[in-house]
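[1] can you look at this prediction? I've put the sequence above it.
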Amino acid sequence: MWRSTLNKIEQFKREKDGLDILADVPRLAQDGWESIDEGDRERLKWAGVFFRRQTPGRFMMRVRISNGITNAAQIRTLAEITRTYGVGFADITTRQQIQLRGFAIGHVPDIWNRLHAVGLVSLQTGQDNVRNVVGCPVAGLTPHELFDASPVARQLTSMFLGDKAYTNLPRKFNVTITGCLEHCVHTESQDVALTPAVKMRDGGEVKGFNVMAGGKMGSGGYRQASSLDIFVPPEEAATLCSHVALLFRDYGARAARNRARLAFLLDDWGVAKFRAELQRRVNETLLTAGSDVRRTRTADHIGIVKQKQPGLSYVGLVVPVGRITVDQLFDVARLAETYGSGEIRLTTTQNVIIVNVPHEKVRALVAEPLLRELSPDPSSAMRGLVSCTGIDYCHFALIETKDLALRTAHHLESALPRGRLLTMNWSGCPAGCGNHAAADIGLLGKTIRVNGELVDAVDIFVGGRSGPDGKAGTRLLEDVPCEELPHLLERMIPYLSNQSTAGPAGAHVRLAPGAPLHVSP
């Protein structure tokens, strides 16, 4: 069914399936990075190992963490790996994963052994695979959910992981599955997105998901996922997602890589044809969409918030631009075991959540030194900050992002008073890994010439948002030099409508000594 001329990556896949690289890793580890040819460098991405041109001989590994649900033992292991082989820090991604940096190819077998010992893998986290399945980071804990959707994310992951039926997709395939009513994940930019819905069946109300498909952030720009007019109950949802992935595998374009996302197949076919083909594959009548039960409020799950479980709270901590040091990783693991159940959650805004904290332990947790670095009560400018990797470690990026994002946010802290919550997302290139098109302020990196000199710059987008009334940000300004950006944004902010409601009322915790802790319901 591949009717077009094959591109280079398709040729590599024809020669050898990406998963077959696993058997070659011991040899590659022995021979060294210089011996790895271009085809195997690409295939290593199926194993979650990425050659970085910026750091020759030093690799990145993306660790799969379904729904962002992890634990102290896993975080401690990631800290140990980073301390032993890495660069002193790891990065939390907008897909609720951890990226390890700075190791050599010879370290990979030992790193994998350490990961496997605590139930982690890096498998299929890159290239043409179903990527990490994203979901509400407080699934099963928040009272603001229709139901806990994380079991569906785990079920889908178990379907495709290690199965070659899913390793030859035309491009990457992003999935979000959420039961959260506060739409805390970017469903609109996903290849497949399942959102909470209810439908009347046989005289009763059934809880499940509405299905959207064809969203993307890069590959020619933002496209909002289309409703497929489908309702699916939780017990059938993972199977339906797998059918969509396989439909994409069989009919998606394989010529130009920038035209190979599911979005383009939907544009070519239209929703009606796509839905009809999906129904043929499922081999039963698909239910029409149910009632969308998402609210207009967005939650970022930062702060001290009561769980649905009596007597317990979760504590969401801001990790500025997702970069977390070895010492901070060890401390997060320790605090999760000392004050909670040992479970930890990662968010799509690159932050961490310590969960299952008894109310009587909250004050002691908040008094821990780490929470002065990773705060549950950050400034408004820091709270809504997201940044992609940037040019230091990503060869697609056009500018450095994380340091720029931090400097800009610090400048804006005085201009953005508490309670004025604005999301500010940085993407270093049009791939859009920072989700810039879905933020109140979106910054897309580029380079421009000023007086004959090449300088870092951004295009500025405003008004983007996720949820049932989601929309893409509008490109307001182009070619803004980064050195002028902080002062420009300071002047712009008073004129921007406050679209963001990134957290329930009362979620800001006041940390003054002796002051009462404000716990959000």
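    Sure thing, it's come through. Numbers count the residues shown, from 1 in each chain.

[2] any idea how far the residue positioned nearest the centre of the chain lies from residue 341?
    Nearest to the mean C-alpha position of the chain, counting by C-alpha atoms, centre = their mean, stands residue 95 at 1.9 Å. Taking C-beta to C-beta, to the nearest Å as the measure, residue 95 falls 24 Å from residue 341. Just so you know, the C-beta spots here come from the backbone N, C-alpha and C atoms, and that holds for glycine as well.

[3] number of nearby residues for the nearest residue to residue 301 once chain neighbours are set aside?
    Spatial nearest neighbour of residue 301, excluding adjacent residues (C-beta to C-beta, 6 or more residues apart in numbering): residue 316 at 4.6 Å. Residue 316: 29 surrounding residues under other C-beta atoms under 10 Å.

[4] next: residue 147.
    Neighbour tally, residue 147, other C-beta under 10 Å: 16.

[5] can you check the one 10 residues further on too?
    Other residues near residue 157 come to 19 when the count uses other C-beta under 10 Å.

[6] which strands and helices lie in contact with the strand or helix carrying it?
    Assessed by DSSP states H and E, residue 157 sits inside helix 150-160. Secondary-structure packing of helix 150-160 (3 or more C-beta pairs under 8 Å, 6 or more residues apart in numbering; DSSP states H and E): strand 175-177, helix 234-251.

[7] at 6 Å instead, please
    Under the contact criterion of 3 or more C-beta pairs under 6 Å, 6 or more residues apart in numbering; DSSP states H and E, helix 150-160 touches helix 234-251.

[8] buried residues, the helix it packs on. List them.
    234, 236-238, 240-249, 251 (16 or more other C-beta atoms under 10 Å).

[9] same question for stretch 32-50.
    Neighbour-count burial for stretch 32-50 flags 33, 36, 39-50 (criterion: 16+ other C-beta under 10 Å).

[10] quick one: end-to-end length of that stretch, please.
    By C-alpha to C-alpha, to the nearest Å, the extent of stretch 32-50 from end to end equals 14 Å.

[11] what sits up against that stretch?
    Defining contact as C-beta atoms under 6 Å, 6 or more residues apart in numbering, one finds that stretch 32-50 is touched by 12, 18-19, 21-22, 28, 51, 57, 59-62, 105, 122-123, 125-127.

[12] among those residues, which are located in strands?
    In strands, defined here by DSSP state E, the members of the contacts of stretch 32-50 are 51, 59-62.

[13] neighbour-wise, which one of those leads?
    When neighbours are counted by other C-beta under 10 Å, residue 61 leads the ones in strands among the contacts of stretch 32-50 with 28 neighbours.

[14] test my guess that residue 134 contacts residue 176.
    Yes. Between residue 134 and residue 176 there is a contact at 4.4 Å, judged by C-beta atoms under 6 Å.

[15] shared neighbours, those two?
    Here residue 134 and residue 176 have residue 185 as joint contacts, going by C-beta under 6 Å, 6+ apart.

[16] tell me where the stretch 201-350 of the chain has strands.
    Assigned strands in the stretch 201-350 of the chain, in chain order: 204-213, 226-232, 291-292, 303-306, 312-317, 323-325, 343-346 (criterion: DSSP state E, counting those that start in this stretch).

[17] out of the ones you listed, the one nearest residue 83 is which?
    strand 323-325 (9.9 Å; C-beta to C-beta).

[18] which strands or helices does the closest one pack on?
    If you count contacts as 3+ C-beta pairs under 6 Å, 6+ apart, strand 323-325 packs onto strand 89-92.

[19] sheet partners, orientation included, of the helix or strand following the strand it packs on?
    Later in the chain than strand 89-92, the nearest helix or strand by DSSP H and E is strand 98-103. Using DSSP bridges, strand 98-103 pairs in its sheet with strand 59-63 (antiparallel), strand 89-92 (antiparallel).

[20] who touches the longest one?
    This means strand 59-63. Around strand 59-63, the neighbours that count as contacts under C-beta under 6 Å, 6+ apart are 48-50, 52, 97-101, 103, 120, 122, 125.

[21] report the two of these separated the most.
    Within those, 52 and 120 form the most distant pair, 21.0 Å apart (C-beta to C-beta).

[22] out of those two, which sits in the more crowded spot?
    Between residue 52 and residue 120, counted using other C-beta under 10 Å, the more crowded position is residue 120 (20 against 17).
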